[in-house]
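J.: Any chance you can model this:
(2 chains)
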Number of protein chains: 2
Amino acid sequence: MSYFSEETSVQAVLDRLSDDVDSRFREIVTSFIKHLHGFVKDVEPTMAEWGQAIKYLTAMGQICDDKRQEWVLFSDTTGVSMLVDAINHRRPDGATENTVLGPFHVGGAPERALGDSICLDGKGAPCVVSGRVTDEDGNPIAGAKLDVWQTNDDGFYDVQQPGEQPDMNMRGLFTADEDGSYNYVTVKPLPYSIPTDGPVGRFLDGMGRHAMRPAHIHYIVSAPGYETLVTHIFVTGDPYIESDAVFGVKESLIVDFEEVDGGHRARFDVKLKKLD
Amino acid sequence: MSYFSEETSVQAVLDRLSDDVDSRFREIVTSFIKHLHGFVKDVEPTMAEWGQAIKYLTAMGQICDDKRQEWVLFSDTTGVSMLVDAINHRRPDGATENTVLGPFHVGGAPERALGDSICLDGKGAPCVVSGRVTDEDGNPIAGAKLDVWQTNDDGFYDVQQPGEQPDMNMRGLFTADEDGSYNYVTVKPLPYSIPTDGPVGRFLDGMGRHAMRPAHIHYIVSAPGYETLVTHIFVTGDPYIESDAVFGVKESLIVDFEEVDGGHRARFDVKLKKLD
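T.: All right, here's what the predicted structure looks like:
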């Protein structure tokens, strides 16, 4: 037994782990303590910096409520959400890539017929989005479910403007046809800012980073026997496409939104990964 | 410019740091992102584990108020407080070692004459503590100030039992005499538990660790021209001396509390480090 010292700090803490601790928990705590102490030893915080860190961490939790999740925002803006997503959804064989779910998904979106519009507020020019859901070999997945949601033409999700937008505006659940094809009507999405009035906003500010997300449409695509795909489609040429505040963009998810008479048209094909 | 991927995750985040970011902030963020992503890549959390972490971090801040600081407790129980303290108070030349301040210090403790008792509630057998404040070479530091505080004979600080204990019970500010000597009367301190009803308690539980601190008396010793010493004295033979929940024990701070007629006696000499 040795008492705590700068040199032995990691071992001093790990020595306290009881022998009968759950092995996964042990693995996580061991790595956490190593990295946490490694970080402290790297940067050698002053007592004042340590105090600022305590205040910051406290403020993070205190701004959270049933509508605001600052820790998810922190995870998003530090690349952790995308990293965890990448680790859990490795798709080396050409299946469509995942990206983060984001905080604006709502369960129970209304089922709509193919070709229906999800735009209930009448704002914006129509944009037709179509595509086909297949397996990795291009075989159609008939009856695949597509849950889609996005901002309206003012750049806000319905849940951000309760009372202002119709309920379930810009959301819909579609079912692919026998050929795996789907299509629906919406408006071209817009870039928007993540909330900046909390600790994460101050963090981005300190790093000299903006808080914008490039325009996107969210997708959850599912079918029995396939890994559920959680992703976005992004808009070619968006001013924030290379600097998404939450690192969600992948090259394969960027789609041309072609200008057509009176609106736009986009195509996004989906390849689902077979479950093992 | 490359989009985010598992392989490039650290660089993808660090590439966003603006060129004109404060250099100290850049240093801290760079190390933080490396260690944070390193930890995630080590443990490869499932989506469910990530969700549990978000909930845990949120709960940490939400239990904090003006009396409860769960993040300090987290820092204490993961060895971070002691590590930061050690980094900021390296004393290779024999000056008395620091340890953590703890959450129970109160400014403005009453000035008392040498030999006075800090025990205002009449509980417990008297314990005389004496010693001498010198520089590293043993020269007396006349007029050094000693701010001392501890639990009462029931094992609680006065601020934990407002209304039950007399105001400023077990606290006092003493001034060393011409010879650097000091002495005061108290009671032998008792081991006690840190709060376990919050997220830190659950964390300790998961690790199979107890939440006890070995008995101790807190000291802040200061004199013009010397580095202020923040430390405790611990009690030889305390059942928790080798397993302090906050890692505060250093061998040089363990003191014999000798049994004498009707009470105890202890001696603790202090060597202050000259300021450069």
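
J.: Can you name the residue of the stretch 1-150 of chain A nearest chain B?
T.: The nearest approach of the stretch 1-150 of chain A to chain B comes at residue A:61, 1.7 Å away (Cβ to the nearest Cβ). Any C-beta I mention is one placed from the backbone N, CA and C, and that applies to glycine too.

J.: could you pull out the strands for the stretch 151-276 of chain A?
T.: Here the stretch 151-276 of chain A has its strands, by DSSP state E, counting those that start in this stretch, at A:171-175, A:181-187, A:192-193, A:212-213, A:216-222, A:229-235, A:254-255, A:258-260, A:263-267, A:270-272.

J.: a markdown table please, covering those and showing mean pLDDT.
T.: Formatted as a markdown table, the strands of the stretch 151-276 of chain A follow (pLDDT from 0 to 100):
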| stretch | mean pLDDT |
| --- | --- |
| strand A:171-175 | 98 |
| strand A:181-187 | 98 |
| strand A:192-193 | 94 |
| strand A:212-213 | 96 |
| strand A:216-222 | 98 |
| strand A:229-235 | 97 |
| strand A:254-255 | 98 |
| strand A:258-260 | 96 |
| strand A:263-267 | 97 |
| strand A:270-272 | 98 |
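
J.: can you redo those as TSV with mean neighbour count and distance to residue A:242?
T.: Formatted as TSV, the strands of the stretch 151-276 of chain A follow (neighbours: other Cβ atoms under 10 Å in any protein chain shown; distance: least, Cβ to Cβ, whole Å):
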stretch	mean neighbour count	distance to residue A:242
strand A:171-175	20	28
strand A:181-187	21	24
strand A:192-193	16	17
strand A:212-213	22	11
strand A:216-222	22	14
strand A:229-235	24	11
strand A:254-255	18	10
strand A:258-260	12	21
strand A:263-267	18	20
strand A:270-272	22	24
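
J.: Quick one, grab the pLDDT at the closest residue to chain B within the stretch 101-250 of chain A.
T.: At 2.4 Å from chain B, residue A:208 is the closest residue in the stretch 101-250 of chain A, using Cβ to the nearest Cβ. Here, the pLDDT recorded for residue A:208 equals 95.

J.: doesn't residue B:20 make contact with it?
T.: Yes: look at residue A:208 against residue B:20 with Cβ atoms under 8 Å: they come within range, at 6.4 Å.

J.: Pick out whichever of these two has more residues nearby.
T.: residue A:208 (15 against 8; other Cβ atoms under 10 Å in any protein chain shown).

J.: Would you state the helices of chain A in chain order?
T.: Ranges of helices within chain A are A:9-14, A:23-43, A:47-62, A:70-77, A:80-88, A:199-207, based on DSSP state H.

J.: how about those helices in a markdown table, adding mean neighbour count?
T.: As requested, these are arranged in a markdown table below (neighbours: other Cβ atoms under 10 Å in any protein chain shown):
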| stretch | mean neighbour count |
| --- | --- |
| helix A:9-14 | 20 |
| helix A:23-43 | 17 |
| helix A:47-62 | 17 |
| helix A:70-77 | 23 |
| helix A:80-88 | 22 |
| helix A:199-207 | 18 |
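
J.: Residue A:107: which of those helices is closest?
T.: Among the helices of chain A, the nearest to residue A:107 by Cβ to Cβ is helix A:70-77 (16.9 Å).

J.: Could you figure out how far that closest one is turned away from helix B:47-62?
T.: Counting by axes from the mean of the first three to the mean of the last three Cα atoms, to 10 degrees, helix A:70-77 lies at 130 degrees to helix B:47-62.

J.: and helix A:70-77, does that touch chain B?
T.: Yes: using Cβ under 8 Å from any Cβ of the partner chain, helix A:70-77 reaches chain B at A:70-72, A:75.

J.: ok, now which ones touch the residue of the stretch 1-150 of chain A closest to chain B?
T.: Residues near residue A:61 by Cβ atoms under 8 Å, 6 or more residues apart in numbering or on different chains: A:70-71, B:57-62, B:64.

J.: do residue A:95 as well
T.: A:136, A:227, A:229, A:271-273.

J.: what does residue A:183 give?
T.: Contacts for residue A:183 were tallied using Cβ under 8 Å, 6+ apart; they are A:114-115, A:128-131.

J.: about what we covered before: if I look at the residue of the stretch 1-150 of chain A closest to chain B, what pLDDT would I see?
T.: Note on residue A:61: pLDDT of 94.

J.: Equivalent analysis for residue A:66, please.
T.: 83.

J.: tally of neighbours for it?
T.: For residue A:66, using other Cβ under 10 Å, the count is 5.

J.: Relative to residue A:47, how far out is it?
T.: Separation of residue A:66 from residue A:47 (Cβ to Cβ, to the nearest Å) stands at 36 Å.

J.: Am I right that residue A:46 is in contact with residue B:88?
T.: Yes: judged on Cβ under 8 Å, residue A:46 makes contact with residue B:88 at a distance of 6.5 Å.

J.: Lowest-scoring secondary structure element of chain A by mean pLDDT?
T.: Scoring the helices and strands of chain A by mean pLDDT, DSSP states H and E places strand A:192-193 at the bottom, with a mean of 94.

J.: and it, is it in reach of chain B?
T.: No: remark: strand A:192-193 sits outside contact range of chain B, by Cβ under 8 Å from any Cβ, the gap being at least 15.5 Å.

J.: residues contacting the closest residue to the residue of the stretch 101-250 of chain A closest to chain B other than its chain neighbours?
T.: Spatially, and ignoring its direct neighbours in sequence, residue A:208 is nearest to residue B:18 (2.4 Å; Cβ to Cβ, 6 or more residues apart in numbering or on different chains). Counting by Cβ under 8 Å, 6+ apart, residue B:18 touches A:207-209.

J.: While we're on residue B:18, how confident is the model there?
T.: 95.

J.: quick one, phi/psi of it?
T.: phi -70, psi 150 (degrees, to the nearest 10).

J.: Would you point out the most distant pair within the contacts of residue A:183?
T.: Longest span within those, Cβ to Cβ: A:115 and A:131, 13.3 Å.

J.: Comparing those two, which residue is more hemmed in?
T.: residue A:131 (20 against 12).

J.: List the residues that contact the more buried one.
T.: Each residue near residue A:131 by Cβ under 8 Å, 6+ apart is listed here: A:181-183, A:267-270.

J.: swap the cut-off to 7 Å and go again
T.: Counting by Cβ atoms under 7 Å, 6 or more residues apart in numbering or on different chains, residue A:131 touches A:182, A:267-270.
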